[in-house]
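**Student:** Got a predicted structure here, sequence first:
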Amino acid sequence: ETMPRTMMAFFGGGKADHAEQEIRLLESSDPDGFSIKESSTDGGSCDYIDLIPPINTTAQRFRRAVIGGIVLLAVIVAAVLASRIPKGNTAQSNTNEYTLACDDSVGPKWGELASAPTDAVELKNWCDQSLSCVQDHVDVVLSFTSLDSAFALARDTKLGHLNMVDLILTNIFGMTGLMQSVHPDASIVDASSACRLHASEVNSNITLDPVLFQAISAIAQGPSKTPEAERYLQMTIDTMRSSGVHKSDAVRTQLKQLDSQLETLSTTFSQNIAKSVNYVTIAPTNSGMLAGIDGAFVASHTNASGHTIFSTDYTDYVPVMHSAENEALRRQMYRAFNRRAYPENSGILKQLLQARQDQAVALGYATSADLATKGKMAGNATRVESFLQGLMAEVISAGQTELLTLNQSVSGDGLDVFQPYNYGYAINKYISANYSVNATEVMAYFTTAKTREGVFFVAEHLFDIGMQKVTAVPRWHADVEVYDMLSPASAASGTQKVIGRAYLDLYPRTGKYKHAAMFPMRQGLDNRQIPEAALVCNFPKSPAHMGMNDVTVFFHEFGHLLHHVIGGQNQTWVAFSGVATEWDFVEAPSQLLEHWPKSIETLSHFASNSAGEVIPATVVDAMNRASTLGRAVATQQQIYYALTSLRLHEIVNPGTANLQEFEVNMSTHFSPFEHVEYTHMYSSFGHLNGYGPLYYTYQWSLSIADDLFYNKFCPAKMFDTKVSHTYKETILQPGGKVSANTLVTKFLGRQWNTNAYITFLRGESSACARHFTAGWHV
């Protein structure tokens, strides 16, 4: 994916010292001579998958299945905000004209977290007061029943107070979504989940209120409004109608129940993934299995009894899969990784899919995929399927050729690269032999701290945004760093203006969100609040080194942050603030920014080794040349995930579906790899929650991002401020004031197309290689 993958250089090994209680045996022994055993420690909910000597003298071999897939997770981005009432924003009036007394007690105070909860009770009180204030604003909207001579007043008042409803609800969803994903206090996590459920119910009551709908619809018949006000009003009406406000009492009751059920199931699905960690333990007698793995990395994962323990967190998983010479170890790591949140999420996912399907049918759609794609750039599920199949046709033959070439090169080692657990190791070995560069060598030039400075450098030089660290700010964990985002100094005052705030929660810890994402905390709103957001990642803590994929992830997520903050300026309406475009465009600005850490001009400003030597241009050139290998395979795998996401939501009765059979069938037809038995990828496919059937967004947005980059920035204008400022003003600053198609057409001077992306996939755009698909992020 252009999606986040994380990698860390340390994981505590104390778990092996705990007493273990065996839960069950998956099989008596495997072909590698090690049994797989799930067990729980007396300290928590994590599972072990241990490598131990075989129980039986004769090993049973796993039967070879026909699919597989390397999970390229991400995040993305802005999956925190639940459905909000008006999906639009715009009347050119002062926000403060429509505030009530309650707003001062629940609204954000600049420089503090919106709730700054010190305990669960405080969070609950803030939540209850905020939702009560939402109702106060709704009551004002309903109080204006006359539309005669006071029409303009009624119109502006209704829109203004709906905007405040939007503000309060997005603050609630933003803060609680973040807290339930990162806060170390379980009681605050639980209180956040309870608040979100309550807020979801309030939001559902609002969007399904026919009296409120009538009151809002009435002002659409009156005198003309500003273009933004008109867009906001129509989007509000469309959102309420698409939510089912025009349906019968019985259907609206059903929809409210489904909304509540979906919120609970979604939270459970995500939290199961966050809590699930599997381990592979190598006994001292099997230390030979650790060959190829960095010695310091092994030492940091070895406990006092000599057992080496690797977790399924990306910070352990990726280095082991790329460097371990022992195929058995890689296979067991792959199995452990793809058993996260299983079996608990298997049942939860079926319930989640069924609730979405029931919702779609109640609203008049055949499938939940049809409902979810309405209003997106793609428009409908049929077009999404056609788009993905078109991309598949471009890469499937090339992908097979890549795998056959790679397979031939490592045939002497007895490796089969059609097995997903061999692919990353084999491609790194191939690149090292043929391009004189390898992942370990590249890592020597990067740490999280250095990459942070590189990201800040690009933000300043492309968009004139400075970053200033602040300390006197409430944080949820000591590791969190806080930065004010500053505009250029004013010619009149000579001082910089704070235009946003970034919370960087970059390091892994127990119970924290496992992947990488930008969590919007507050939307920018003129005269009310500046945009604030958190980057939640799982990078190695400096001075430990990070891989090139982590570097790319950092730039990607910071791209979302820039969009959120730049798009949060000069906004009158919350629903147009920040990353407020159609869902299948939101990844494009982040994917565009991924090009910059591949440029020697960028890297020379922050990529250096322990001796202070800047990464050589020869290394960067080798990485660019090597990036052509594996491009088709990586893209095919992403299309497989996108089709899985889409087609799961086209099952008519998902509650009774056999998800394992579905996974095997999809992999057989679309994945470049074979399936590995005893794996259940769908249980930890986190995007099935936030994105649902919309995982295709990554390929759709990428097609747009490449059109933008190759036709405007590449190759000589990556630091041309005339181009970057035009991009900032045309693509980022408007937020959701106009459609994504309008934004892109204005910047390009034409409609966007997939030509640049197809050219890239065919390997014909090496002058500006977009990202290192070979070995660096598999």
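**Tutor:** Sure, I can see it.

**Student:** got the buried residues for stretch 543-556?
**Tutor:** For stretch 543-556, a neighbour-count test (16 or more other C-beta atoms under 10 Å) marks 544-556 as buried. Bear in mind the C-beta positions are built from the backbone N, C-alpha and C, glycine included.

**Student:** same question, stretch 520-537
**Tutor:** Result for stretch 520-537 [16+ other C-beta under 10 Å]: buried residues 520-526, 528-537.

**Student:** Hmm, residue 584 is touching residue 699, no?
**Tutor:** No. Look at residue 584 against residue 699 with C-beta atoms under 8 Å: they stay out of range, at 9.3 Å.

**Student:** what does stretch 756-765 rub up against?
**Tutor:** Here stretch 756-765 makes contact (C-beta atoms under 8 Å, 6 or more residues apart in numbering) with 391, 394-395, 398, 628, 631-632, 635, 702-703, 706-707, 709-711, 714, 770.

**Student:** If we use 7 Å, what do you get?
**Tutor:** For stretch 756-765, contacts defined as C-beta atoms under 7 Å, 6 or more residues apart in numbering pick out 394-395, 628, 631-632, 635, 702-703, 706-707, 710-711, 770.

**Student:** you'd agree residue 533 is in a helix?
**Tutor:** No. The assignment for residue 533, made by DSSP: H, G, I helix; E, B strand; the rest coil, is strand rather than a helix.

**Student:** how close does it sit to residue 587?
**Tutor:** Distance of residue 533 to residue 587, computed by C-beta to C-beta, to the nearest Å: 16 Å.

**Student:** Just give me the closest of the buried residues of stretch 543-556 to residue 493.
**Tutor:** Nearest to residue 493 out of these is residue 555 (C-beta to C-beta; 31.9 Å).

**Student:** residue contacts, the closest one?
**Tutor:** Residue 555 touches 455, 593-594, 596-597, counting by C-beta under 7 Å, 6+ apart.

**Student:** what about stretch 272-287, average pLDDT?
**Tutor:** For stretch 272-287, mean pLDDT rounds to 95.

**Student:** what do you get for stretch 316-333?
**Tutor:** 95.

**Student:** okay, it in CSV with CA atoms only?
**Tutor:** Coordinates of each C-alpha in stretch 316-333 appear next as CSV, following Å, rounded to 0.1, in the frame of the first residue of the first chain:
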residue,chain,number,x,y,z
ASP,A,316,9.5,-7.0,14.8
TYR,A,317,7.7,-8.6,11.9
VAL,A,318,9.2,-6.7,9.0
PRO,A,319,12.9,-7.0,10.0
VAL,A,320,12.6,-10.8,10.6
MET,A,321,10.7,-11.4,7.4
HIS,A,322,13.3,-9.5,5.4
SER,A,323,16.4,-10.9,7.0
ALA,A,324,15.9,-14.3,8.6
GLU,A,325,17.6,-16.9,6.5
ASN,A,326,15.6,-19.7,8.1
GLU,A,327,12.4,-20.4,6.1
ALA,A,328,10.7,-22.2,9.0
LEU,A,329,11.0,-19.0,11.1
ARG,A,330,9.6,-16.8,8.4
ARG,A,331,6.7,-19.2,7.9
GLN,A,332,5.8,-19.2,11.5
MET,A,333,6.1,-15.5,11.8
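
**Student:** Run the chain-centre distance for it.
**Tutor:** Chain-centre distance of stretch 316-333: 25 Å, with C-alpha atoms, centre = their mean, to the nearest Å.

**Student:** What residues sit buried inside that stretch?
**Tutor:** 316-324, 326-333.

**Student:** And stretch 723-734, by the same measure?
**Tutor:** Buried residues in stretch 723-734, counted by 16+ other C-beta under 10 Å: 723-724, 727-728, 730-734.

**Student:** now do stretch 301-314
**Tutor:** Across stretch 301-314, burial judged by 16+ other C-beta under 10 Å covers 301-302, 307-314.

**Student:** Now tabulate these in a markdown table and tack on distance to residue 656 and secondary structure.
**Tutor:** Listed next are those as a markdown table, based on distance: C-beta to C-beta, whole Å; DSSP: H, G, I helix; E, B strand; the rest coil:
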| residue | distance to residue 656 | secondary structure |
| --- | --- | --- |
| 301 | 42 | coil |
| 302 | 46 | strand |
| 307 | 43 | coil |
| 308 | 43 | strand |
| 309 | 39 | strand |
| 310 | 37 | strand |
| 311 | 34 | strand |
| 312 | 30 | coil |
| 313 | 34 | coil |
| 314 | 34 | helix |
